[in-house]
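Enquirer: got a sequence here, can you model it:
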Amino acid sequence: ASGTLPNGKPVILKADGTIQVVGIGDSPVSQNIPAATEVQFVAGSAQYLTTDFDPNTPGRFVTVFRDPQYGGYGRVVVGQVSGTSITFGAMTEYNTSGTNENSCVAFDPNIAGKFIIAFLNDANGVVMTGHINAANDYFSWGNIQIFDSSAGSMHRVAFDPNTANRIVVVYSDSSGEGDHGKAIVGTISGDTISYGTPVKFNTAATYVKSISFDPNTANTFVVAFPDGGASDQGKAIVGTISGTNVISFGSKYVFSTGCSVPHVVYNPNTAGKFVVAYSAVNNSGYGSARVGTVTGNTISYGSEVVFNSANSAYVALASDPNTADKFVVAYRDYGNSNYGTINVGTMSGTSISFGSNIVMNSGRSDFNAVAFDYSNINAGKFVVVWRDTSTTGDARLGQIAATAQATNLTSTNLVGISAADAADAATAKINTWGGINSTVT
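Expert: Numbering: from 1, shown residues only. The predicted structure follows:
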């Protein structure tokens, strides 16, 4: 026996001739970026791309986008990661009318295959639910439900990881109020969503925004945005949900004196810590990032760190839920032929450091989006999606250094069931296949 063998457990034969219980253990995985060749998921042009992994199904993710070469339809495609490859299955339309702009997708952390899409449908801000079957070959849809009939640009939606069936949408209100920033709570029951009262978090133009919930602090999220009423200063604000659907906001805290395309993500392993990445307009558009610390409804920042010393567009950010303090930022690098590029960040206290820029696409990359697999068997794996040179929608897999869970079982090493208890290094009795174990209850 290699290790203790309890009676009646499936066992494998190891290369050294010993027997071991079938189990799962930690397996270190080296960084491999990119991990495979890029894969095209749509031949038409893709706009307003966002992507998210299903927390309940290892390797499965969806990407939503607007296809201007296909009637401007809102489309969604399901992808599956297996090893170092991505395959794409069903692609369908989630809406065949309206503008289908400013789309955003988020998976329900509580129900496998269920997700939310928020998008602009003509002048209406709308949300709808979607479902994928287990075979990844069929979608079903709830009804389109309006949360604001005068919504403007860049909707972003996030599930509350601490309260089932609750979402928050952040958006701009274009009803003569100068595109002020607003947030609204939605409560989901089946495919029906009921909304609370919209709450302003910025009384000025708020075109691009990002939202992230703190998974370690109930009812708390952060919104990052450039404040059009203050020379596009990059600001972040803490939102708190009370009761069923009431949002209150703290003060706004400046992280950049001029920014565009901010993206905020909480550190899932440390309460009250988030990273915001952005294009620093006040510094030639350099790709930059800062760590924020939330205390109550106040925010303090670490020093600004440059991850790309050139103009960086379509900045997207994601954190690895399985590898402490690790983040990936994706962007279009004006300093290197507009190539799609990523960089791996590591948070330490109130600071973040980055490695080298790594090209993911040797071509112009717009509407970048990035997401990590939630499954611990795929720890460190992430997918980047983008519009490639304005003609196709493409995706590519990356792997940061991580510790993933792995089974010791293969297709050839299972030999049977232990016929009795055995201590480590003792002689073990095994019922091989076809035998009978009469000692277990």
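
Enquirer: element containing residue 69, please.
Expert: Here residue 69 sits in a region with no helix or strand, counting by DSSP states H and E.

Enquirer: gap between it and residue 51?
Expert: Separation of residue 69 from residue 51 (C-beta to C-beta, to the nearest Å) stands at 20 Å. All C-beta spots, glycine's among them, are computed from the backbone N, C-alpha and C.

Enquirer: one more: residue 255?
Expert: To residue 51, residue 255 is 25 Å away according to C-beta to C-beta.

Enquirer: what does residue 210 give?
Expert: Residue 210 is 15 Å from residue 51, where distance means C-beta to C-beta.

Enquirer: continuing past the least confident helix or strand in the chain by mean pLDDT, what's the next helix or strand?
Expert: Using mean pLDDT, DSSP states H and E, the weakest-scoring helix or strand in the chain turns out to be strand 24-29, at a mean of 86. Downstream of strand 24-29, the next assigned helix or strand under DSSP H and E is strand 39-42.

Enquirer: mind listing what the helix or strand just after that following strand pairs with, with the direction of each?
Expert: Sequence-wise, the next helix or strand downstream of strand 39-42 (DSSP H and E) is strand 47-53. If you go by DSSP bridges, strand 47-53 pairs up with strand 60-67 (antiparallel).

Enquirer: what packs against the strand or helix carrying residue 234?
Expert: Element membership for residue 234 (DSSP H and E) is strand 233-242. Using 3 or more C-beta pairs under 8 Å, 6 or more residues apart in numbering; DSSP states H and E, the elements in contact with strand 233-242 are strand 166-173, strand 199-205, strand 220-227, strand 246-256, strand 259-266, strand 273-280, strand 298-301.

Enquirer: hmm, 7 Å instead?
Expert: In terms of contacts (3 or more C-beta pairs under 7 Å, 6 or more residues apart in numbering; DSSP states H and E), strand 233-242 is packed against strand 220-227, strand 246-256, strand 259-266.

Enquirer: paired strands for that strand, with orientation please.
Expert: Applying DSSP bridges, strand 233-242 is found paired with strand 220-227 (antiparallel), strand 246-256 (antiparallel).

Enquirer: and those, which is most packed in?
Expert: strand 220-227 (a mean of 25; mean count of other C-beta atoms under 10 Å).

Enquirer: residues contacting residue 143?
Expert: When contacts are counted by C-beta atoms under 7 Å, 6 or more residues apart in numbering, residue 143 touches 128, 191.

Enquirer: now do the same for it: helix, strand or coil?
Expert: Here residue 143 is coil, with the state taken from DSSP: H, G, I helix; E, B strand; the rest coil.

Enquirer: ok, residue 377 next?
Expert: What three-state DSSP gives for residue 377 is helix.

Enquirer: wait, it touches residue 405, no?
Expert: Yes - assessed by C-beta atoms under 7 Å, residue 377 is found in contact with residue 405 at 5.0 Å.

Enquirer: name the residues of stretch 59-77 that come out as buried.
Expert: Neighbour-count burial for stretch 59-77, counted by 16 or more other C-beta atoms under 10 Å, picks out 59-67, 70, 72-77.

Enquirer: would you say residue 282 is within a strand?
Expert: No - going by three-state DSSP, the assignment for residue 282 is helix, not a strand.

Enquirer: now it, nearest residue through space, not along the chain?
Expert: In this structure, residue 282 finds its nearest non-sequential neighbour in residue 258, 3.5 Å apart by C-beta to C-beta, 6 or more residues apart in numbering.

Enquirer: contacting residues for the one you found?
Expert: Residue 258 neighbours (C-beta under 7 Å, 6+ apart): 231-233, 280-282.

Enquirer: so who does the residue lying closest to residue 206 once chain neighbours are set aside touch?
Expert: Spatial nearest neighbour of residue 206, excluding adjacent residues (C-beta to C-beta, 6+ apart): residue 181 at 3.2 Å. Contacts for residue 181 were tallied using C-beta under 7 Å, 6+ apart; they are 170, 172, 200-202, 206, 209, 225.

Enquirer: the same query, at a cut-off of 8 Å, please.
Expert: Counting by C-beta atoms under 8 Å, 6 or more residues apart in numbering, residue 181 makes contact with 170-173, 200-202, 204, 206, 209, 223, 225.

Enquirer: give me the PyMOL select line for these, limited to the buried ones.
Expert: In PyMOL, this line selects whichever of the contacts of residue 181 come out buried by 16+ other C-beta under 10 Å:
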select buried, resi 170+171+172+173+201+202+204+206+209+223+225
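
Enquirer: now tabulate the contacts of residue 181 in a markdown table and tack on pLDDT.
Expert: As requested, the contacts of residue 181 are exported to a markdown table (pLDDT from 0 to 100):
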| residue | pLDDT |
| --- | --- |
| 170 | 96 |
| 171 | 93 |
| 172 | 91 |
| 173 | 87 |
| 200 | 95 |
| 201 | 96 |
| 202 | 96 |
| 204 | 94 |
| 206 | 93 |
| 209 | 93 |
| 223 | 98 |
| 225 | 97 |
